[in-house]
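K.L.:
Could you look at this predicted model? Sequence included:
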Amino acid sequence: MARILITSAIPYINGVKHLGNLVGSQLPSDVYARYCRARGHEVMFICATDEHGTPAELAAEKAGQPVREYCDEMHKVQADLACGFRLSFDHFGRSSSQRNHGLTQHFAGRLTDKNLIREVVEKQIYSIQDSRFLPDRYIKGTCPECGYENARGDQCENCTRQLDPVDLINPRSAQSGATELEIRETRHLHLRQSALRQELEDWIDSKTDWPILTTSIARKWLRDGDGLQDRGITRDLDWGIPVRRGDTEWPGMEDKVFYVWFDAPIAYIAATAEWADAHGLGDNAWERWWRTDRGAEDVRYVQFMGKDNVPFHTLSFPATIIGSGEPWKLVDFIKSFNFLNYEGGQFSTSLGRGVFMDDALALLPSDTWRWWLMKHVPETSDSEFTWESFRLDVNKDLADVLGNFVSRVTRFCQSRFDGKVPDGGSQGPEEAAATAALATHLRNYETHMEAIEFRRATAELREIWTLGNSYFQSAEPWTVLREDRDRAGAILRFALNLLPLYAALSEPFIPDAAETIGAVTGDGSRARWPENIETSLNSLQPGQSVSVPALLFSKISEQEQEEMQARFSPP
RNA sequence: GGGCCUGUAGCUCAAUUGGUCAGAGCAGAGCGCUCAUAACGCUUUGGUUGGGGGUUCGAGUCCCUCCGGGCCUACCA
């Protein structure tokens, strides 16, 4: 029994996320959280919406809403979708919460006390018509190199040349098209990450078990050029966490807010505090997860994120934590993912390309998406969603291998044994062999889940499902029944005992189906993890009733596939 | 431009870190079964490991080079 703190990278507030976003963090973290709970660990699983920054302000503007109201609505939308996908967060918080305001300002104050903040006067592009400073990539114009007219201020997408917004010919606001732009001086706070470089590098070097994807990105930033650079942690925006030094004013910073990437990771902590607040618990309830001086010294902290998030989680956020000089919990393991592509291209929120979470749930049960996405989770390289692959895997793995097994066993029980677990008969070498094989696969499955290697785990789980069919087929109780009813009953009893086992093992990936399978022979409560396989396979009481569940998974026809494919065809 | 990742059967992925004839699943082929969602089981056909060169007793694995795909490059988040 361990204590495990799990956080998912927090999804940005501006709209419904696509399957690529889902599989890159929230879904795998949920599978892991469910597994850890099933193994009896004490789990705190945290996520939130990331609500600050320029895109949120612009999205609200576009929607014609005050940004606070827009975020309220979008948070609700995302929370409902998380629920639809059965994401089992202990708390789904908000980076805009008062808890996050307080903690972010607290960290800024501590970092100032430690002389890790300095003020810097920067020159930035200001749009007079929009009354706002514009980040480089929100400025467009003609590329001075290749003449491309829609070059972004940070880089020309046509010739890939890196640019400075002042290089652009005829610059304009990408959002409004405003052309009255000027360079203005503005004062900002920088976190002196450079002062913590050695400490961060030593810390990264100590993480020998982290994925290469994670450490190589961190090392690149630590060693590239002049080494780790200081980083601006404030912005000239209206919506965000006001710049304060703890609970005192910060002269000269009255109109500024903290940079979204400064406050977003702190929201992991804040959301845990929100969880405590929501349950009427005191501060110790969340501090025992986050403060090593208040009970968190035995916590294992695992973060999930897409590869684009790695620098902030390996460097900026640890710099904040370490720099505070306070005993906050640092991450123990970072699981990072590559990207999921869609039918030969990229998922794109701005282009609306791909399948989005709301569409997906309207089409098919969440378990089908969860299974396909986790089977193909981009662990080692980018992977690709295609409708054909989705149809084939859902049909074969879920409908044929698992669904049909549940169906054939329960129906056989109903038609030949009156819907009751048979009594009598004895087990033989077939059952011993099946038990031994299951024990081996179960060990492998547990190993892969402990190592957070999901694709291997899904293959192993599928193998465990297949074993049921293989056993039932070779034991052929329908034939044995003609001569030896007791023996046929013993075979069926063994097969029925696989159902609660499957329910428990499958729950992290397909929780709804697992519940249905568990209810066939159980009381509806969650099936227990098989700590001892022999005991587990003898857990059903002879005579207890067995129900025949509704079809566990429907198959997707080729025609349905084509319809969905056409409906979501790339523009 | 620079850094990192990646290329293995028609498809999706393995290969215990240099060590038996490169293995699975799907798709394809054959046989079997009839309890079951025409489901399941068994058997089986597919590979000059992107190309070329090198190191080694031995290379998918290490080195060089060329070709293809991807991510990041610090003011999107």
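P.N.:
That came through fine.

K.L.:
pLDDT weak spots in chain A?
P.N.:
A:159-160, A:570-571 (pLDDT under 70).

K.L.:
Find the nearest non-adjacent residue to the closest residue to RNA strand B within it, please.
P.N.:
Proximity of chain A to RNA strand B (CB to the nearest atom of the strand) peaks at residue A:403, 1.8 Å away. In this view, the C-beta of every residue, glycine as well, is placed from N, C-alpha and C. Setting aside the residues directly before and after it, residue A:403 is nearest to residue A:552 in space (CB to CB, 6 or more residues apart in numbering), at 3.8 Å.

K.L.:
Can you give me every residue that contacts the residue of chain A closest to RNA strand B?
P.N.:
By CB atoms under 8 Å, 6 or more residues apart in numbering, the contact set of residue A:403 is A:513, A:551, A:552, A:553.

K.L.:
Who are the contact partners of the last one?
P.N.:
Taking CB under 8 Å, 6+ apart as the criterion, residue A:553 is in contact with A:365, A:367, A:368, A:394, A:398, A:399, A:402, A:403, A:513.

K.L.:
that older thread, I'd like to know how many residues surround the residue nearest to residue A:403.
P.N.:
Other residues near residue A:552 come to 21 when the count uses other CB atoms under 10 Å.

K.L.:
Please list which of the contacts of residue A:403 are also close to RNA strand B.
P.N.:
A:551, A:552, A:553 (CB under 7 Å from any atom of the strand).

K.L.:
quick one on the thing from earlier: between the contacts of residue A:553, which is closest to residue A:299?
P.N.:
residue A:367 (30.5 Å; CB to CB).

K.L.:
my read is that closest one is in a strand, agree?
P.N.:
No - when DSSP: H, G, I helix; E, B strand; the rest coil is applied, residue A:367 is found to be helix, with no strand at that position.

K.L.:
Could you tell me which residues of the stretch 251-400 of chain A lie near RNA strand B?
P.N.:
So the stretch 251-400 of chain A meets RNA strand B at A:259-261, A:264, A:307-309, A:311-312, A:338-339, A:346, A:376, A:378-384, A:389, A:392, A:396, A:398-400 (CB under 7 Å from any atom of the strand).

K.L.:
Let me have the contacts of residue A:553 in CSV, extended by distance to residue A:271.
P.N.:
Supplementary listing: those in CSV, determined by distance: CB to CB, whole Å:
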residue, distance to residue A:271
A:365, 28
A:367, 26
A:368, 29
A:394, 33
A:398, 33
A:399, 38
A:402, 35
A:403, 37
A:513, 29
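
K.L.:
Just the buried ones among the residues of the stretch 251-400 of chain A next to RNA strand B, please.
P.N.:
Burial by neighbour count, 16 or more other CB atoms under 10 Å: within these this picks out A:259-261, A:264, A:307, A:309, A:311-312, A:338-339, A:376, A:378-379, A:383, A:398-399.

K.L.:
And for the nearest residue to residue A:195 once chain neighbours are set aside, the neighbour number?
P.N.:
For residue A:195, ignoring the flanking residues on the chain, the nearest one in space by CB to CB, 6+ apart is residue A:116 at 6.1 Å. Number of residues near residue A:116 (other CB under 10 Å) recorded here: 23.

K.L.:
interface residues of the stretch 51-200 of chain A facing RNA strand B?
P.N.:
A:52-55, A:122, A:124, A:135-138, A:154-155, A:160, A:162, A:188, A:193.

K.L.:
tell me the two of the residues you listed that are most distant?
P.N.:
A:52 and A:160 (29.5 Å).

K.L.:
ok so, going back, dump the ones next to RNA strand B among the contacts of residue A:403 to TSV, plus secondary structure and distance to residue A:421.
P.N.:
Listed next are these as TSV, based on DSSP: H, G, I helix; E, B strand; the rest coil; distance: CB to CB, whole Å:
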residue	secondary structure	distance to residue A:421
A:551	coil	22
A:552	coil	20
A:553	coil	24
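
K.L.:
ok so, going back, if you count surrounding residues, which of residue A:52 and residue A:160 has more?
P.N.:
The residue with more neighbours, out of residue A:52 and residue A:160, is residue A:52; 29 against 9, by other CB under 10 Å.

K.L.:
is it fair to say that one lies in a helix?
P.N.:
No - according to three-state DSSP, the state of residue A:52 is coil, so it is not within a helix.

K.L.:
For it, which residues are in contact?
P.N.:
A:95, A:96, A:237, A:239, A:240, A:241, A:257, A:258, A:260, A:263, A:264.

K.L.:
Mind doing that once more with 6 Å?
P.N.:
The contact partners of residue A:52, by CB atoms under 6 Å, 6 or more residues apart in numbering, come to A:240, A:260.

K.L.:
do residue A:158 as well
P.N.:
Per CB under 6 Å, 6+ apart, neighbours of residue A:158: A:146, A:148.

K.L.:
The contacts of residue A:403: which two are farthest apart?
P.N.:
Maximum distance among those (CB to CB): 10.8 Å, for A:513 and A:551.

K.L.:
Comparing the two, which residue is more hemmed in?
P.N.:
residue A:513 (26 against 12).

K.L.:
And that one, how far from residue A:561?
P.N.:
21 Å (CB to CB, to the nearest Å).

K.L.:
On the three-state scheme, the residue in chain A sticking out farthest from the centre is what?
P.N.:
Distance from the C-alpha centroid of chain A, by CA atoms, centre = their mean, peaks at residue A:483 (53.4 Å). Following three-state DSSP, residue A:483 is assigned to coil.

K.L.:
what comes into contact with stretch A:237-254?
P.N.:
In contact with stretch A:237-254 (CB under 6 Å, 6+ apart) are residues A:52, A:57, A:67, A:101, A:104-106, A:109, A:112, A:234, A:256-258, A:263.

K.L.:
next one: stretch A:7-19
P.N.:
A:25-26, A:29, A:46-51, A:55-56, A:59, A:71, A:74, A:264, A:268, A:303-305, A:309, A:347, A:354-358.

K.L.:
Which residue comes closest to residue A:564 once chain neighbours are left out?
P.N.:
residue A:387 is the one closest to residue A:564 (CB to CB, 6+ apart), at 5.8 Å.

K.L.:
Burial check on the one you found, number of neighbours?
P.N.:
Residue A:387: 20 neighbours (other CB under 10 Å).

K.L.:
Residue A:30 now?
P.N.:
Neighbour number of residue A:30 under other CB under 10 Å is 27.

K.L.:
And it, which helix or strand is it part of?
P.N.:
In this assignment (DSSP states H and E), residue A:30 forms part of helix A:27-38.

K.L.:
Secondary structure class of the closest residue to residue A:422 other than its chain neighbours, three-state.
P.N.:
Distance criterion CB to CB, 6+ apart; nearest residue to residue A:422, sequence neighbours excluded, is residue A:489 at 2.9 Å. With three-state DSSP as the basis, residue A:489 sits in helix.

K.L.:
For the stretch 401-550 of chain A, what lies in contact range of RNA strand B?
P.N.:
Checking the stretch 401-550 of chain A against RNA strand B by CB under 7 Å from any atom of the strand, the hits are A:401-404, A:406-409, A:411-412, A:415, A:455, A:459, A:462, A:466, A:469-470, A:472-474, A:476, A:478-479.

K.L.:
Show the buried residues in these.
P.N.:
If we count by 16+ other CB under 10 Å, those have these buried: A:401-404, A:406-409, A:412, A:455, A:459, A:462, A:469, A:472.

K.L.:
can you redo those as a markdown table with secondary structure?
P.N.:
What follows is these, written out as a markdown table (three-state DSSP):
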| residue | secondary structure |
| --- | --- |
| A:401 | helix |
| A:402 | helix |
| A:403 | helix |
| A:404 | helix |
| A:406 | helix |
| A:407 | helix |
| A:408 | helix |
| A:409 | helix |
| A:412 | helix |
| A:455 | helix |
| A:459 | helix |
| A:462 | helix |
| A:469 | helix |
| A:472 | helix |
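
K.L.:
For the stretch 51-200 of chain A, just list every one of the strands.
P.N.:
A:91-94, A:117-127, A:132-133, A:139-142, A:151-152, A:169-173, A:181-191 (DSSP state E, counting those that start in this stretch).

K.L.:
Adding distance to residue A:542 and mean neighbour count, write these out as a markdown table.
P.N.:
Shown next, in a markdown table, are the strands of the stretch 51-200 of chain A (distance: least, CB to CB, whole Å; neighbours: other CB atoms under 10 Å):
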| stretch | distance to residue A:542 | mean neighbour count |
| --- | --- | --- |
| strand A:91-94 | 44 | 24 |
| strand A:117-127 | 70 | 15 |
| strand A:132-133 | 73 | 20 |
| strand A:139-142 | 74 | 22 |
| strand A:151-152 | 70 | 24 |
| strand A:169-173 | 75 | 16 |
| strand A:181-191 | 66 | 16 |
